[in-house]
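Enquirer: from the sequence below, what's the structure:
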Amino acid sequence: MDLMSYKTFVWPHNPHTYQEVYSREPRYVTQSGVSVFDGMGGMKRIITGSGAFFGEDAFWQFKKLALLFEEKEPGNLEHPIWGIRYCYFTGLELTQEPKEDYVSYKFEFTCAKTNGEVPR
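Expert: This is a model prediction of the structure:
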């Protein structure tokens, strides 16, 4: 199986979990002091997952991913089965004390439109 990637980073091993959550927020307008349903907002997609880096370069792999997290611009997240998602890197978490050859983590991406706008 191909490996997952985001911008310039390629996971050395695909994450253990990968989840996409789709949601829409109802919109309301106020007319004569009464809130009235006005349709559904745009579809929002949040991608989460977890995994581990292991081997001699485990901590270095995490640090490379953390450097990408610091970037504010969205980019392409490519999953070998689910395809390409244009998104912001919105969460990265160490899930245990890092060891010399093992680092477990969680991540979150928020999908955006091609103009960088995130639906509400």
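
Enquirer: gap between residue 60 and residue 88?
Expert: Going from residue 60 to residue 88 by C-beta to C-beta, to the nearest Å gives 24 Å. Every C-beta, even on glycine, is put in place using the N, C-alpha and C of the backbone.

Enquirer: need the CA coordinates for the helix or strand of the chain with the lowest mean pLDDT. CSV is fine.
Expert: Every helix and strand in the chain was compared by mean pLDDT, DSSP states H and E; the lowest is strand 34-40, with a mean of 82. Below are the C-alpha coordinates for strand 34-40, written out as CSV (Å, rounded to 0.1, in the frame of the first residue of the first chain):
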residue,chain,number,x,y,z
VAL,A,34,-38.2,35.1,15.6
SER,A,35,-35.4,32.8,14.4
VAL,A,36,-36.3,31.0,11.2
PHE,A,37,-34.5,28.1,9.6
ASP,A,38,-32.6,29.3,6.6
GLY,A,39,-31.0,26.1,5.2
MET,A,40,-27.8,24.2,5.9
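
Enquirer: going along the chain, name the helices of this structure.
Expert: Taking DSSP state H as the test, the helices found in the chain are 58-69.

Enquirer: what pairs with the residue nearest in space to the middle of it across the strands?
Expert: For the chain, the residue nearest the mean C-alpha position is residue 109 (1.5 Å; C-alpha atoms, centre = their mean). Judged by DSSP bridges, the bridge partners of residue 109 are residue 47, residue 89.

Enquirer: model confidence score at the most far-flung residue of the chain relative to its centre, please.
Expert: In the chain, the greatest distance from the average C-alpha position (C-alpha atoms, centre = their mean) is reached by residue 32, at 40.8 Å. What the model reports for residue 32 is a pLDDT of 84.
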